[in-house]
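Engineer: Dropping a prediction and its sequence here:
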Amino acid sequence: MDVRDAQQVIATVSGQQPNLVIHLAAETDVDRCEVEVDHAYRTNTLGTWNIALACQREDIPMVYVSTAGVFDGRKSEPYIEFDHPNPVNVYGKSKLQGEELVRQLLSRYFVVRASWMIGGGPMKDRKFVGKIIKQLDAGAKELNAVTDKIGSLTYAPDFSHHLVKLIETKHYGTYHLANKGTCTRYDVARHILDHLRRKDVVLNAVTSEAFILPASRANSEMLRNYALELRGMNTVRDWREALDDYLDKHYSHASHA
């Protein structure tokens, strides 16, 4: 269904009568959101609004996957759930408005924020790790990665596993769910090259000025799973271990002995 179509959403939810709705549909292209503002709000805000209304009508709990992009990146420590959001781009603003609508309309909900999601493998990965591997597959001997943006990796299978455990508790509310530890894009690229034993590739440290993009990016998208920590549930593994797992499962072809 098209989440932007209210009647379609209501008909689908009322017809299916699920016991839970997990809302994953979003426009995650940050630069497209900046250029096509109406598209961003129609997809990320109105779409979420429609689903929340449908869940309200049928009294169904809802999971909304949000983003570290709701923060402005000025904090030197990782963001916790009790920090005040202040997005720096349209993508973050449209996702934050979605969060607010879920909270206003529902009493049984999970708003779960992730950061720098990785996963999907060669066919689906259009994010940072996939782009690095694509360059290696194309024969690149030199890569550039920024050092002035820091965040948390979120490995999709780890996210999914821990999300299910969280849903089962029925401890509704707002949560951060990312792998432990923080890193820059450069750290991630360095780890990829080291894990794949690609000593033949030079990695250059650059600043964000090397990449001119339509949308501003927060300097920090670091997340701490503080609410999970308080509940004794933060068993998510370190980002390095998760990245190794991902590379071994999907990208071992890119390694050199």
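Structural biologist: Ah, there it is. Numbers count the residues shown, from 1 in each chain.
Engineer: helices or strands next to the helix or strand hosting His161 in the packing?
Structural biologist: In the assignment (DSSP states H and E), His161 maps to helix 156-169. Judged by 3 or more CB pairs under 8 Å, 6 or more residues apart in numbering; DSSP states H and E, helix 156-169 is in contact with strand 109-114, strand 117-118. Just so you know, the C-beta spots here come from the backbone N, C-alpha and C atoms, and that holds for glycine as well.
Engineer: show me where the stretch 1-150 of the chain has helices.
Structural biologist: Secondary structure of the stretch 1-150 of the chain (DSSP state H, counting those that start in this stretch): helices at 6-16, 30-35, 37-40, 47-58, 90-105, 121-124, 128-137.
Engineer: Restricting the selection to alpha carbons, write the fifth one to CSV.
Structural biologist: This means helix 90-105. Coordinates of the C-alpha atoms in helix 90-105 are reproduced here as CSV (Å, rounded to 0.1, in the frame of the first residue of the first chain):
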residue,chain,number,x,y,z
VAL,A,90,14.3,18.5,6.1
TYR,A,91,14.7,14.8,6.5
GLY,A,92,15.2,15.1,10.2
LYS,A,93,12.4,17.5,10.6
SER,A,94,9.9,15.3,8.6
LYS,A,95,10.9,12.2,10.7
LEU,A,96,10.6,14.2,14.0
GLN,A,97,7.1,15.4,13.1
GLY,A,98,6.2,11.8,12.5
GLU,A,99,7.4,10.9,16.0
GLU,A,100,5.3,13.7,17.5
LEU,A,101,2.2,12.6,15.7
VAL,A,102,2.6,9.0,16.9
ARG,A,103,2.9,10.2,20.5
GLN,A,104,-0.1,12.5,20.2
LEU,A,105,-2.4,9.9,18.7
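Engineer: got the angle between it and strand 109-114?
Structural biologist: Put simply, helix 90-105 runs at 160 degrees to strand 109-114, going by axes from the mean of the first three to the mean of the last three CA atoms, to 10 degrees.
Engineer: what is the orientation angle of helix 90-105 with helix 47-58?
Structural biologist: Counting by the same axes, to 10 degrees, helix 90-105 lies at 10 degrees to helix 47-58.
Engineer: Rounded mean pLDDT for helix 90-105, please.
Structural biologist: Helix 90-105 comes out with an average pLDDT of 98.
Engineer: what does the fourth one give?
Structural biologist: The average pLDDT for helix 47-58 rounds to 98.
Engineer: Show me what it is in contact with.
Structural biologist: 3-6, 9-10, 12-14, 17, 21, 23, 25-26, 60-62, 64, 97-98, 101-102, 105-106, 109 (CB atoms under 8 Å, 6 or more residues apart in numbering).
Engineer: ditto for the longest one
Structural biologist: Contact partners of helix 90-105, identified using CB under 8 Å, 6+ apart, comprise 26-30, 33-34, 37, 40-41, 43-45, 47-49, 52-53, 55-56, 62, 64, 66-67, 69-71, 85, 87, 109, 111, 174, 215, 218.
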